[in-house]
Every structure is written in structure tokens, then in C-alpha cells.
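Student: Return a 3D structure for these sequence lines:
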Amino acid sequence: MLSDRHLFERISEGEEQAFHLFFRRYHQRMVTFTGKVVKLPHVAEEIVQEVFIRIWENRGTLADIRNPEDYLFILIRNHALNHLRAAAIEERRREQLWEALEQQAADMTSALEIKEAEAFFAKILAKLTPQQQLIFRMNREEGLSHLQIAEKLNLSRHTVKKHVANSMKIFKANLKYFGQLFL
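Tutor: From the prediction side, this is the model:
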């Protein structure tokens, strides 16, 4: 059985078979470890895949690594923590934007303004593509996360994130115009 260090030396020389062996040796352990950190199996799998891709892309530097297992755990941990930080920041931004949108809606007090606002929101929603509308409703009305939506619609998390961000930009730009109508 080849040692991890020997595998890293062979991987650094571009040997795909050594990489596949290393991958099979550690893949499931890393997914399990990452899953404990991020709490979502799908995200854990993505992170582990990204790390193994990074290892292959940077294979030229592997020969100098003394403890490949420790190196792998450190890479996985760092990627998982970066994911958690980015997710927290994204969630805060979405909450702040949504709170601002809700506050603007709450400021409309008369029944006429509320009806006009509902019609205006419907017009804004109609400007979105059907997929953006579906994703927006799942996110805002059903409260589903980007990952949950991605899994339900068989899309990547990044595609869902992009659709939500584009929808929010359209809503935000139109809400500025709507607020000027009542000044």
C-alpha cells in the first residue's frame, strides 16, 4: 500500500492513477468531516470536490507536503469555514435588503396606496423571467434557501443565487421609482 506522501509525490508528477487512489482513500472521510461543519450534505460534497480539484490543479507543489492527510484536512476546514462566512454575509445582505423592502411597503398606509403598491409589485414581478418569478416566490414567499431551491429545481446554487440577486436589483430599482411617485 502506497503512503500518502508517496502518492503526493506521484500526483505532483501528474500521475492521474495516484490522484484517483488518494481521492478514493479520503473522499468519504472528508465528506463526513465537512458535513459536520456545514450541516448540509450537498454543500459538503461540493466543498470536498472543490478541494480535490484544487489539489489536482496545484499538484506541482505537492511533493513538498510532509503530511498529506493534515494538509487535506486543513484545506477542507478552510474551505468549509470560508463557505460558512460567505453564507452568513449573504444571508445578512438578503435580510437587510428584504427589511428595507418591507419597511418601504409598511410606510404605505392608505388602502389606496396598498392596492397601488400590490399592483406595482405585480408589474415588477411580471418583468422577471418565469424562472426568476418562480425562484423569487420560493425564496421570499415560501422562505426556501438558495440550496433548497437549487435542489428542488435541479439547478446549481450559484444559478439560484444569481436569479435572486437579479430579481432583488429589479425590485430595488423599481421601488426607488415607486417611492418618488408618492413624495
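Student: hmm, which helix or strand of the protein has the shakiest average pLDDT?
Tutor: Within the chain, no helix or strand scores below helix 111-127, which has a mean of 79 by mean pLDDT, DSSP states H and E.
Student: Show me what that one is packed against.
Tutor: helix 157-181 (3 or more Cβ pairs under 8 Å, 6 or more residues apart in numbering; DSSP states H and E). No exception for glycine: its C-beta is placed from N, CA and C like everyone else's.
Student: between the helix it packs on and helix 111-127, how many degrees?
Tutor: 140 degrees (axes from the mean of the first three to the mean of the last three Cα atoms, to 10 degrees).
Student: quick one: buried residues of helix 157-181?
Tutor: 157, 160-161, 163-164, 167-168, 170-171, 174-175, 178 (16 or more other Cβ atoms under 10 Å).
Student: Now do the buried residues in stretch 114-132.
Tutor: Applying 16+ other Cβ under 10 Å to stretch 114-132 flags 117, 120-121, 124-125, 128, 132 as buried.
Student: What is the nearest of these to residue 24?
Tutor: Distance to residue 24, by Cβ to Cβ, is smallest for residue 132 among those, at 40.3 Å.
Student: Residue 21 is in contact with residue 4, correct?
Tutor: No: using Cβ atoms under 8 Å as the test, residue 4 is too far from residue 21 to be in contact (9.8 Å).
Student: Identify each buried residue in the longest helix seen in the chain, please.
Tutor: In the chain, taking DSSP state H as the definition, the longest helix is helix 68-106. Within helix 68-106, the residues that count as buried by 16+ other Cβ under 10 Å are 68, 72-73, 75-76, 79-80, 83, 87, 94, 101.
Student: follow-up on the earlier one: export the least confident helix or strand of the chain as CSV, just CAs?
Tutor: What follows is helix 111-127 as a C-alpha-only set of coordinates in CSV (Å, rounded to 0.1, in the frame of the first residue of the first chain):
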residue,chain,number,x,y,z
ALA,A,111,-55.8,51.4,1.4
LEU,A,112,-55.4,53.1,-2.0
GLU,A,113,-51.6,53.1,-1.6
ILE,A,114,-51.6,49.4,-0.6
LYS,A,115,-53.7,48.5,-3.7
GLU,A,116,-51.5,50.6,-5.9
ALA,A,117,-48.4,49.0,-4.3
GLU,A,118,-49.8,45.5,-4.9
ALA,A,119,-50.4,46.3,-8.5
PHE,A,120,-46.9,47.9,-8.8
PHE,A,121,-45.3,44.8,-7.2
ALA,A,122,-47.2,42.6,-9.6
LYS,A,123,-45.9,44.7,-12.5
ILE,A,124,-42.4,44.4,-11.2
LEU,A,125,-42.8,40.6,-10.7
ALA,A,126,-44.1,40.4,-14.3
LYS,A,127,-40.8,42.0,-15.5
